[in-house]
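Novice: Have a look at this fold, sequence not included:
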């Protein structure tokens, strides 16, 4: 069964923890629990690059939520996961937590394994790809407990920290003969023989060359990425359309690196990359972490032997790629932070999302009026062959629009208003907040500084949600006459030679609400991030009230 694993951490105090803001540590923990895979970390003294979640120096090993009251058994893995039985007290919230097994005869079984599916109150499926788990001779007598990474204390007191994680993937499934029938965007597709399944994000075909753009769900039994193999038919669950995969499927995966390169509490760097796991393997942050140039103090992509900043990576926060080029990320100690991480663990009929946001104020003095955002967000309404339906977001560094600068997010802006997160009302060519790829994996791919785009009235020469704000915009056909209009925010580029309608935010909308921290709806709820009309709202939230000031 599909279990939603959205992780929301509210009202985080901004006091420093081991030289890093508390909410930055909390973000890393939330990412890990939501399904971003720990790959490597450094604490200024020791580097860990084997991906063992128990050795995570930033998020820590986790704290016990279920001490285990029964002996467990582990079955032989299939499709990248192994079924564990003989458990007790398993709940839906255990998806994303880690099952710690000990007393096993097979050494690889004795470790932390992320729970990727909750089957019942007594059984789960764990990730069997990180460690070579196997059916165990001590089945029926395995000791177990469950650990939650979101509630643990970081296991280091070093001044320098960095953390590398791997998130959602998008698959490129090639074919050479047009489909029979018409696939429907968003439908579940299945491959015969291998049983691989995924969400169809797009279909494109021209002159004998075509690709399916797929968010993977159920891993297949084939030898290709996510178990997809050439020569097998693919069919749509709703449309009934069919085609045959012809060629090797490719996987484009997102990775990130958080770095606190100095002892200063407010300094941080965020590096993001979108890598094809074969052609770009030497660029991947997880690979760089294993190289000599990456050390306990030099983060992946920070330079040195085998540790170059990859051609498909970009600086989403910071002034450069090397250690020491981080910039302040918050300066107001009177504001609480908030974290939203969307489920990054796929299941049958259920796609990983992996969007995340750190929500905080960047007001240098005085009382803040709202929040700013740092994160990675998935888009809807993408073009059919877009293998990178994500953009990074920050609160608008001073950086030339359309400069295509991958190696810097710009200088710290001097602003006094949070303006609802996206800096919608900040107009100018030196304030950019959205970054990502255009035509990723295709000829003439390009990195872009995108801009948000909203509706504007022609006669009124004003954007729609700002018209007659004394009369809040409501859905006219709603029976209760109180429902508010959510306006999609388009992500676009108008750069000469690089124009694109990238898509609309899946989890961020323009909204004529009331004030920062107002919560609208139930789980998933939406939270307003600013007091300026109109503001932005972000989800998916659990409906719990937010606090702006301490």
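Specialist: Sure thing, it's come through. Bear in mind the structure is a predicted one, so any value in this text is a computation, not a measurement. Residues are numbered from 1 along each chain as shown.

Novice: only C-alpha atoms for contact and neighbour calcs from this point on.
Specialist: Fine.

Novice: element containing the closest residue to residue 384 other than its chain neighbours?
Specialist: Nearest residue to residue 384 in three dimensions, chain neighbours excluded: residue 202, at 4.0 Å (CA to CA, 6 or more residues apart in numbering). In this assignment (DSSP states H and E), residue 202 forms part of strand 197-206.

Novice: Then residue 540?
Specialist: Residue 540 is part of strand 535-541 when elements are defined by DSSP H and E.

Novice: still on that earlier bit, which ones are touching the residue nearest to residue 384?
Specialist: Each residue near residue 202 by CA atoms under 8 Å, 6 or more residues apart in numbering is listed here: 185, 212, 213, 214, 383, 384, 385, 386.

Novice: Show me what counts as buried in stretch 466-473.
Specialist: For stretch 466-473, burial by neighbour count (16 or more other CA atoms under 10 Å) applies to 466, 467, 472, 473.

Novice: and which of those is nearest residue 274?
Specialist: Residue 274 lies nearest to residue 466 out of those, by CA to CA, at 36.0 Å.

Novice: Could you measure from the closest one over to residue 492?
Specialist: Noted for residue 466: a distance of 21 Å to residue 492, by CA to CA, to the nearest Å.

Novice: so can I have CSV of the buried residues of stretch 466-473 showing pLDDT and distance to residue 30?
Specialist: Compiled in CSV, the buried residues of stretch 466-473 are given as follows (pLDDT from 0 to 100; distance: CA to CA, whole Å):
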residue, pLDDT, distance to residue 30
466, 78, 35
467, 83, 38
472, 80, 35
473, 82, 35
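
Novice: Redo those as CSV? Include distance to residue 238 and secondary structure.
Specialist: Formatted as CSV, the buried residues of stretch 466-473 follow (distance: CA to CA, whole Å; DSSP: H, G, I helix; E, B strand; the rest coil):
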residue, distance to residue 238, secondary structure
466, 40, helix
467, 41, coil
472, 39, coil
473, 36, coil
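
Novice: The stretch 451-550 of the chain: strands as residue ranges?
Specialist: Ranges of strands in the stretch 451-550 of the chain, per DSSP state E, counting those that start in this stretch, are 486-493, 500-511, 519-520, 525-528, 535-541.

Novice: Residue 403 is nearest to which of these?
Specialist: Taking CA to CA, strand 486-493 is the member of the strands of the stretch 451-550 of the chain nearest to residue 403, at 11.5 Å.

Novice: where does residue 27 land in three-state SS?
Specialist: Using DSSP: H, G, I helix; E, B strand; the rest coil, the secondary structure recorded for residue 27 is helix.

Novice: what residues are up against it?
Specialist: With contacts defined as CA under 8 Å, 6+ apart, residue 27 is in contact with 339, 358.

Novice: Please, where are all the strands along the stretch 301-450 of the chain?
Specialist: Counting by DSSP E, counting those that start in this stretch, the strands of the stretch 301-450 of the chain are 313-317, 327-328, 337-341, 356-360, 372-380, 390-398, 431-438, 446-453.

Novice: Make a markdown table from those and add mean neighbour count to it.
Specialist: Formatted as a markdown table, the strands of the stretch 301-450 of the chain follow (neighbours: other CA atoms under 10 Å):
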| stretch | mean neighbour count |
| --- | --- |
| strand 313-317 | 29 |
| strand 327-328 | 19 |
| strand 337-341 | 26 |
| strand 356-360 | 26 |
| strand 372-380 | 23 |
| strand 390-398 | 25 |
| strand 431-438 | 26 |
| strand 446-453 | 22 |
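
Novice: For those, give me a markdown table that also has distance to residue 528 and mean pLDDT.
Specialist: Output for the strands of the stretch 301-450 of the chain, formatted as a markdown table (distance: least, CA to CA, whole Å; pLDDT from 0 to 100):
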| stretch | distance to residue 528 | mean pLDDT |
| --- | --- | --- |
| strand 313-317 | 23 | 95 |
| strand 327-328 | 24 | 78 |
| strand 337-341 | 12 | 92 |
| strand 356-360 | 11 | 89 |
| strand 372-380 | 11 | 92 |
| strand 390-398 | 15 | 81 |
| strand 431-438 | 18 | 86 |
| strand 446-453 | 17 | 91 |
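
Novice: Please convert those to TSV, extending it with distance to residue 303.
Specialist: Output for these, formatted as TSV (distance: least, CA to CA, whole Å):
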stretch	distance to residue 303
strand 313-317	13
strand 327-328	18
strand 337-341	29
strand 356-360	27
strand 372-380	24
strand 390-398	22
strand 431-438	22
strand 446-453	21
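
Novice: Residue 48: which of those is closest?
Specialist: From the strands of the stretch 301-450 of the chain, taking CA to CA, the stretch that ends up closest is strand 313-317, at 21.5 Å.

Novice: Give me the distance from the closest one to the chain's centre.
Specialist: Taking CA atoms, centre = their mean, to the nearest Å, one finds the center of strand 313-317 at 14 Å from the center of the full chain.

Novice: Same check on stretch 28-41?
Specialist: Relative to its chain's centre, stretch 28-41 lies at 10 Å (CA atoms, centre = their mean).

Novice: Equivalent analysis for stretch 51-68, please.
Specialist: Taking CA atoms, centre = their mean, the mean C-alpha location of stretch 51-68 is offset from the chain mean by 20 Å.

Novice: got it, and stretch 273-286?
Specialist: Distance, stretch centre to chain centre, for stretch 273-286: 17 Å (CA atoms, centre = their mean).

Novice: any idea how far residue 118 lies from residue 97?
Specialist: Per CA to CA, residue 118 is found 11 Å from residue 97.

Novice: With residue 145 instead?
Specialist: Distance from residue 145 to residue 97, by CA to CA: 10 Å.

Novice: out of the two, which sits in the more crowded spot?
Specialist: Using other CA atoms under 10 Å as the criterion, residue 145 and residue 97 rank with residue 97 on top: 27 against 19.

Novice: How much space separates the more buried one from residue 106?
Specialist: Counting by CA to CA, the gap from residue 97 to residue 106 is 22 Å.

Novice: number of nearby residues for residue 288?
Specialist: 27.

Novice: what about the host helix or strand of residue 253, average pLDDT?
Specialist: Using DSSP H and E, residue 253 sits within strand 250-260. Taken as a whole, strand 250-260 has a mean pLDDT of 96.

Novice: mind listing what's buried in stretch 116-123?
Specialist: Neighbour-count burial for stretch 116-123, counted by 16+ other CA under 10 Å, picks out 116, 117, 118, 119, 122, 123.

Novice: The first one against residue 95, yeah?
Specialist: Think residue 116. Yes: look at residue 116 against residue 95 with CA atoms under 8 Å: they come within range, at 5.6 Å.

Novice: so how far is stretch 46-53 from its chain's centroid?
Specialist: The chain centroid and the centroid of stretch 46-53 are separated by 21 Å under CA atoms, centre = their mean.

Novice: Relative to residue 273, which of the buried residues of stretch 466-473 is nearest.
Specialist: Closest to residue 273, out of all of these and judged by CA to CA, is residue 466, at 35.9 Å.

Novice: For that closest one, which non-adjacent residue is closest in space?
Specialist: According to CA to CA, 6+ apart, the nearest residue to residue 466 is residue 534 (5.9 Å).

Novice: Burial check on the one you found, number of neighbours?
Specialist: Neighbour count of residue 534, defined by other CA under 10 Å: 26.

Novice: was I right about it contacting residue 510?
Specialist: Yes: using CA under 8 Å, residue 534 is in contact with residue 510, at 6.7 Å.

Novice: got any residues that touch both of these two?
Specialist: With CA under 8 Å, 6+ apart, residue 534 and residue 510 have common neighbours residue 465.

Novice: what's the weakest-modelled helix or strand in this protein?
Specialist: Ranked by mean pLDDT, DSSP states H and E, the weakest helix or strand in the chain is strand 16-17, scoring a mean of 50.

Novice: contacting residues around residue 325?
Specialist: Residue 325 makes contacts with 261, 269, 318, 319, as judged by CA under 8 Å, 6+ apart.

Novice: name the helices or strands packed onto the lengthiest strand in the chain?
Specialist: As assigned by DSSP state E, the longest strand anywhere in the chain is strand 161-175. Helices and strands touching strand 161-175, by 3 or more CA pairs under 8 Å, 6 or more residues apart in numbering; DSSP states H and E, are strand 37-42, strand 209-216, strand 250-260, helix 285-288.
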